[in-house]
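J.: Build me a structure from this.
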Amino acid sequence: MIVVHHLETSRSTRILWLLEELDLEYELQSHARVSGRAPENLKHIHPLGKAPFIVDGDLVLAESSAILRYIDARYGDGRHSPKAGTAQGAMHDQWLDLAEGSASFPLLLPLLGRMMGGLPDPIAQFADARGKDLLAYISEGVGEGPFLMGGELTLADIQMVYTLEIARMAGALDAYQVLQSYLDRLHRQPGLIKAIERGGPLVPPELASA
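T.: Residues are numbered from 1 along each chain as shown. Down below sits the predicted model:
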């Protein structure tokens, strides 16, 4: 049975979402934040001391996209991933990696700025310009949807939910109705509903009220 080390109110909710979508049994090891960060004792299990990570037999695996790909390939027969080596597969992987790569930091910065009392002007200007480019690009990708790759929920959607939720908390989605509707659809997915019921909220309450 897969053991999921889950940091409460964090990105690791996405791993629970996929497991719930696949109706897989798993053991949940929840870890509360300490001063907003993962507890130090996680380093006894994984050298980086961060979550999410999973333990599956002898395998200890971190990084959300790697975990999602592994679970879907090994236990889901790839049902949440377009076929590798195809144009659809390549575009899917682009969206999957963009959510935690190019998009994550610029879309997080405005919220961090609000929590810290503001950002230096050059950084705020960078985050604003880059964030608008990213959100317009993702909005175009969703299009008429309902999901990033069309009619079927994929790993890319599961990965994207946290990034867009952070953007929404910062007020960055106000001008993007397509993305607001898309994020609402993601929150209505049965797997995410079950993941939140079992693992707790997707984002920390202090972010929601920042």
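J.: Tell me which residue lies farthest from the centre of the protein.
T.: In the chain, residue 121 marks the outermost C-alpha relative to the chain mean, sitting 28.0 Å out by CA atoms, centre = their mean.
J.: Would you tell me what helix or strand residue 18 is located in?
T.: Using DSSP states H and E, residue 18 sits in helix 13-21.
J.: How is the chain divided into domains?
T.: As given by automatic domain parsing, the domain ranges for the chain are 2-80+193-199, 87-189.
J.: all strands for this structure, in order.
T.: Using DSSP state E, the strands of the chain run over 2-7, 26-31, 53-56, 59-62.
J.: I'd like to know the average pLDDT value across the third one.
T.: Spelled out, it's strand 53-56. Mean pLDDT, computed over strand 53-56, is 94.
J.: Show me the helices in this protein, by range?
T.: Per DSSP state H, the chain carries helices over the ranges 13-21, 64-75, 87-100, 104-116, 121-142, 155-169, 177-187, 190-199, 205-208.
J.: low pLDDT regions in the protein?
T.: Residues of the chain that meet the criterion pLDDT under 70 lie in 33-40, 49, 205-210.
J.: For the closest residue to residue 167 other than its chain neighbours, grab the count of nearby residues.
T.: Closest residue to residue 167 apart from its sequence neighbours, by CB to CB, 6 or more residues apart in numbering: residue 107 at 4.6 Å. Quick note: C-beta positions are derived from backbone N, CA and C, even for glycine. Look at residue 107: counted by other CB atoms under 10 Å, it has 25 neighbours.
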